[in-house]
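Undergrad: sequence first, then the predicted structure:
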Amino acid sequence: MLKLLSLRVTWVAMLALVFAPISRAAVNETVEAITIDGSRERTLVVHDDASPVSDVLIVFTGGDGHLGLTDEPPRPGAEAGYVATLRRDLVRPGTVLVLVESPTRQPRMSVEYRESAEYRAWIEALIAALRARYAGARLVAIGYSNGAVSALVAGRQPGVGGVVLISGIFRLYADLSSFRVSVPILVIHHEADRCVPPEFDEGFRRVLKPTMVRSIAQPYEAAPCGPVSAHQFFGQEAVVAEVVRGWLATGRAPLRAR
């Protein structure tokens, strides 16, 4: 049994940023803080003007999980890569995007730490806070690259209704199934990914039926995990967002997308 973190929740909106994409309502970005076991943890909350909230997409990023959030939201386009893509493409009426910063006590996370009892307890406290904050909404955990581990940890928490793994690090079904997640899981991967090649075993393909994004005539940089890579779906970001939104609406996803 994990020792649960004492949870004292304080939501603080530190600074809001508003921008208006074409053909959509104004999008608001706010850095909000919650207190978990005495530590102040930041999240970047992205939402439009629609209400009520029906879906909360909880995003765990790759690498070491460190977003470098301050009290001021990063401006749209200020960063490259998949964090910027998610902020731009996934917010729709009734949807809130919550990008999760790494824990204050462990700002640079290894994959091993993401699987630790300490981090699992931290995730449990975080999900409980979000469940209370957005009562009645569906919570969906989204993990990009190394963040797939965090999303699977979150997927076991009460109130989380689905998990999305984008360019996730899992390729063996036994490794993924060890998390014992019972909610639906969507896997999206690029067939040309050289950072985490899609060398899925038979069980993974048969049970999870991953959506494979097909290659296009798109030049990539040499860095296999960088912003201009298949790992980050460079040039095909909108395709991924469309698959995610379709799955959220219908529970179905194509085996191939382009």
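TA: Cool, the structure landed. Numbering: from 1, shown residues only.

Undergrad: and the gap between the residue nearest to residue 237 when sequence neighbours are not counted and residue 233?
TA: Nearest residue to residue 237, sequence neighbours excluded (Cβ to Cβ, 6 or more residues apart in numbering): residue 85, at 4.4 Å. Where C-beta positions appear, they are placed from N, C-alpha and C, glycine not excepted. As defined by Cβ to Cβ, to the nearest Å, residue 85 lies at a distance of 7 Å from residue 233.

Undergrad: give me the common contacts of these two.
TA: residue 240 (Cβ atoms under 8 Å, 6 or more residues apart in numbering).

Undergrad: with neighbour numbers in mind, choose between these two.
TA: Remark: of residue 85 and residue 233, residue 233 carries more neighbours, 23 against 20, as counted by other Cβ atoms under 10 Å.

Undergrad: distance of that one from residue 157?
TA: 27 Å.

Undergrad: residue contacts, residue 115?
TA: 149, 153.

Undergrad: residue 142 - that's part of a helix, no?
TA: No - using DSSP: H, G, I helix; E, B strand; the rest coil, the assignment for residue 142 is strand, not a helix.

Undergrad: enumerate the positions of stretch 184-191 that are buried.
TA: Neighbour-count burial for stretch 184-191 flags 185-190 (criterion: 16 or more other Cβ atoms under 10 Å).

Undergrad: CA-only coordinates of stretch 174-184 in PDB, if you can.
TA: Taking Å, rounded to 0.1, in the frame of the first residue of the first chain, the C-alpha atoms of stretch 174-184 are listed here in PDB:
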ATOM      1  CA  ALA A 174       3.800  -6.900 -20.700                       C
ATOM      2  CA  ASP A 175       5.500  -3.700 -19.600                       C
ATOM      3  CA  LEU A 176       2.400  -1.600 -20.200                       C
ATOM      4  CA  SER A 177      -0.100  -4.100 -18.800                       C
ATOM      5  CA  SER A 178       1.900  -4.200 -15.500                       C
ATOM      6  CA  PHE A 179       0.300  -0.900 -14.600                       C
ATOM      7  CA  ARG A 180      -3.000  -2.600 -14.500                       C
ATOM      8  CA  VAL A 181      -5.000   0.200 -16.100                       C
ATOM      9  CA  SER A 182      -8.600  -0.800 -16.800                       C
ATOM     10  CA  VAL A 183      -9.800   2.300 -18.600                       C
ATOM     11  CA  PRO A 184      -9.600   2.600 -22.400                       C
END
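
Undergrad: got the buried residues for it?
TA: For stretch 174-184, burial by neighbour count (16+ other Cβ under 10 Å) applies to 176, 179, 181.

Undergrad: nearest to residue 224 among these?
TA: residue 176 (21.8 Å; Cβ to Cβ).

Undergrad: next, the closest one: secondary structure please.
TA: Classified using three-state DSSP, residue 176 is helix.

Undergrad: and what of residue 193?
TA: Residue 193 is classified as coil under three-state DSSP.

Undergrad: list the residues that contact it.
TA: Neighbouring residues of residue 193 by Cβ under 8 Å, 6+ apart: 167, 224, 229-231.

Undergrad: again with residue 243
TA: 186, 188, 211, 253-254, 257.

Undergrad: ok, back up a step: for ChimeraX, what selects the buried ones among the contacts of residue 193?
TA: In ChimeraX syntax, the buried subset of the contacts of residue 193 is picked out as below (16+ other Cβ under 10 Å):
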select :167,229,230,231
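
Undergrad: thinking again about what came up before, any idea how far residue 97 is from the residue nearest to residue 237?
TA: 11 Å.

Undergrad: repeat that for residue 198.
TA: 26 Å.

Undergrad: and the contacts of the host helix or strand of residue 85?
TA: Assigned by DSSP states H and E, residue 85 belongs to helix 82-89. Applying Cβ under 8 Å, 6+ apart, the contact partners of helix 82-89 are 21, 29, 44, 46, 59, 61-62, 67, 76-78, 97, 99, 142, 144-145, 166-167, 227, 232-233, 237-238, 240-241.
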